[in-house]
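# Based on what follows, work out the 3D shape:
(one chain, ligands or ions: 2)
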Amino acid sequence: PVDRMPEIQEARLRLPVLAEEQVIMEAVRENPCIVLCGETGSGKTTQMPQFLYEAGYASGKGIIGITEPRRVAAVSMSQRVAMEMNLPTQVVSYQIRYEGNVTTDTKIKFMTDGVLLKEIQKDFLLQHYSVIIIDEAHERSVYTDILIGLLSRIVPLRNKKGLPMKLIIMSATLRVEDFTDNKKLFPSPPPVIKVDARQFPVSIHFNKRTPMEDYVGEIFHKTCKIHRMLPPGGILVFLTGQAEVHDVCRRLRKAFPFRRSTTDTGKEEETFKDTRRFKKDKQKQAVALPRIHLDNYSALPVDEGDEDQLAGVDDDECGYEGCELDLGEDEDEKADPSIPLYVLPLYSLLAPEQQAKVFQASPAGTRLCVVATNVAETSLTIPGIKYVVDCGRVKKRYYDRVTGVSSFKVSWTSQASANQRAGRAGRTEPGHCYRLFSSAVFGDFSEFSEAEITRRPVEDLVLQMKDLNIDKVVNFPFPTAPSGEALMAAEQLLVSLGALEEPPHIERAKLSCPVTPLGRAMASFPVAPRFAKMLALGRQQDCLPYVIAVVASMTVREIFEDLERPAASEDESSKLAQNKARLMQMRRLWAGQGPSLLLGDLMVLLGAVGACEYAGCTPQFCETNGLRYKAMVEIRRLRGQLTNAVNAVCSEGGVFVDSKMAPPTESQVICLRQILLAGLGDHLARRIREEEILDPKWKNGYKTPLLDDPVFIHPSSALFKKPPEPPSIAVSNREGLWIPQLLPQYCHYGPP
Ligand code: ADP
Ligand code: MG
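Ligands and ions are numbered 1, 2, ... in the order given. Below is the predicted model:
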């Protein structure tokens, strides 16, 4: 029995899924697999594990597993569920790539989808679990898709063995045909249970014009206007990335400053109310607006300008061209402390305690304004949001099909995503969504976001599948199959890395090469195949600790603070400028001298990790040296994890993590270079030759094997100022010598 606090119990009863508990649990009892659909905030993530727990699914040998595509969600949801159930985190726990609090007492385990995939490798039948919940299936993350494919086979196998297991697929949208109408995946389609969420009407306000240049500035002005003109209610702003989020936060805080000490009194609240200049009659109108079905936008209440509560003061009216825009800008940049705004950033790299702030009540007398990336789209529900401001864009990782080099690009989101974002405004009362684009532009958005698996290279997945002895990956029951081209490229890369057996006959054997012993070792490392290859080679000349440190730092996102980051204040701005020169110098120092330079930016990573560990990996050290503390802690954990993984594969290894790791010797540097190149062979470039220069801008360019145009060293690279000499030892091919410093993140196409 679960002993919940009365106020929690009360809050639960208001959640739409609670009304469906009987129906859901009956379907679970009667079917091996079900699909549960419900709007974000309807209670799927927090309540489904509790239903299962109370129905006894964790009282036998097996536990309840629930996967999330994002780490943020795995951690915060496990904490929330533990709190709601009044159970310790030893019982309701989480496991993400580097950390977790799982114990032998754990009954409900939240984890990232990647973690569960690794567990399937260890025990294909997942005997530890009595039920697996795949959450946020609508996001169509690659691991989610693969897990559903694998579980579609595992569940019947378990039932045949007399160890029944349940699968629950949860989605925030109704678009689940890829799972249900897919005979290859589920020969008899699983039942779909739809939870009717209490969704209040959200009126959509399109812009007449679509700002292409300074959409961040437009977002800022729109948010200012909402805060000045409209009745109380939280504002949720959607932007594409961390830098934009900080920029808008800074400008909003400046425009509507609030001091905690003065706003904690009731008096301030009064002033706040009095100074708000909204029109009361307009407020009433809002309630009568039509109800919008978020999954079916065929009948859009298009109200470009006319029904806009901001009419008369809104940019829509003057079409961004008139003088009003300038006036507005001046007004917005001026500080107005009479209407304080409580501005919070939200993005996935933000420290967890900062992220948690959005769930807490905002200080009395202030309006909450969360400036977020698309993490706020479906996985986290922020209470009290009445206004959504949507830039309509999303930052996505794109892969160059030719080079496999990835980069982040901002592009239009899908109609489905934009509607999800709009829906965030109608959770507690009727809301408003301000879209910074016209309805015509919206009409051109793709209807749904593509499944991630169709947009990225799949060599890691192919290797994992081969290791599970799924040789014919083409026959795998993918909810959406990757292109034949992508599968082929993956197979070729894996063969070239030695992870798969070379096909005796390319044509005949294509796409079904079995895994090699090296491939199996590589598959056991929790990193991409090219990095796994480096680890597998790392034993020579005692290089392994260095290889581990480099691989760990290459697979963690953003180890360096962004030196180009917009400052939060004037003060910070001058501090940043001073810092920048010093931090660049630091990076050059880490790059080393003499032979170390042969490792280029990889040596900078190694130097940074070494120096940081030597100093005890403290937040202070990271701050003064321009390193992201969260990333450094992740690297430390990953080093431990990779060291264990390597020792497990090779018992006589005995490698350990040395916090006082000495810099590599000259011969180690040379050896390291070869090892690292073995994984990055297709990412190398050589200096452009005189006769190849077709454009004067190409002078400092480098040629890669796969591109016609040259690439350039990024200004943030330690090698930018002093490009490397052709190295004494190099991997050579038909074209001559190659240099190793062009990591994907330091390449960009076109002269800087
Ligand atoms: P779904 O998974 O269907 O999107 P959730 O189970 O995540 O819904 O959320 C249900 C409700 O619980 C939401 O209304 C949300 O506001 C609330 N909630 C979730 N996490 C927290 C939290 N950490 N603090 C306060 N409320 C929360
Ligand atoms: Mg959820």
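
# which regions of the stretch 1-150 of the chain lie under the pLDDT threshold?
98 (pLDDT under 70).

# Show me where it has its strands.
Secondary structure of the stretch 1-150 of the chain (DSSP state E, counting those that start in this stretch): strands at 33-38, 63-68, 92-95, 108-112, 129-134.

# Serialize the ones you listed to TSV and add fields for distance to ligand 1 and mean neighbour count.
The C-beta positions use only the backbone N, C-alpha and C, and glycine is treated the same way. Below are the strands of the stretch 1-150 of the chain laid out as TSV (distance: least, C-beta to the nearest ligand atom, whole Å; neighbours: other C-beta atoms under 10 Å):
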stretch	distance to ligand 1	mean neighbour count
strand 33-38	5	24
strand 63-68	10	26
strand 92-95	13	26
strand 108-112	12	27
strand 129-134	10	24
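
# in the stretch 351-500 of the chain, which spans are strands?
Using DSSP E, counting those that start in this stretch, the strands of the stretch 351-500 of the chain run over 367-372, 385-390, 393-399, 406-412, 431-435.

# measure Val375 to ligand 1 for me?
13 Å (C-beta to the nearest ligand atom, to the nearest Å).

# Can you get me a residue count around that residue?
The local packing of Val375 (other C-beta atoms under 10 Å) involves 18 other residues.

# How about the contacts made by it?
For Val375, the contact set (C-beta atoms under 8 Å, 6 or more residues apart in numbering) comprises 70, 72, 346-348.

# With Asn579 instead?
Asn579 neighbours (C-beta under 8 Å, 6+ apart): 563, 626.

# in which helix or strand would I find it?
helix 570-591 (DSSP states H and E).

# next structured bit after that helix?
Next along from helix 570-591, by DSSP H and E: helix 600-614.

# Now do that next one: which elements does it pack against?
The contact analysis (3 or more C-beta pairs under 8 Å, 6 or more residues apart in numbering; DSSP states H and E) places helix 600-614 against helix 544-555, helix 570-591, helix 619-624, helix 629-649, helix 666-680.

# Ile132 against Met165, yeah?
Yes - if you go by C-beta atoms under 8 Å, Ile132 and Met165 touch, sitting 7.2 Å apart.

# The nearest residue to Arg588 once chain neighbours are set aside: neighbour count?
Among residues not flanking Arg588 along the chain, Ala718 sits closest, at 5.3 Å (C-beta to C-beta, 6 or more residues apart in numbering). Using other C-beta under 10 Å, Ala718 is surrounded by 27 other residues.

# So the residue in the stretch 551-700 of the chain positioned nearest to ligand 1 versus Glu353, what's the distance?
Residue of the stretch 551-700 of the chain nearest ligand 1, by C-beta to the nearest ligand atom: Lys630 (19.8 Å). Lys630 sits at a distance of 11 Å from Glu353 (criterion: C-beta to C-beta, to the nearest Å).

# So if I had to pick from those two, which one is more boxed in?
A side-by-side neighbour count of Lys630 and Glu353, using other C-beta under 10 Å, places Lys630 first with 18 against 7.

# nearest residue to the more buried one other than its sequence neighbours?
Nearest non-adjacent residue to Lys630 (C-beta to C-beta, 6+ apart): Ala351, at 6.2 Å.

# follow-up on the earlier one: from memory the residue nearest to Arg588 sits against Leu602, does it?
No - contact criterion C-beta under 8 Å: Ala718 and Leu602 do not qualify, at 9.9 Å.
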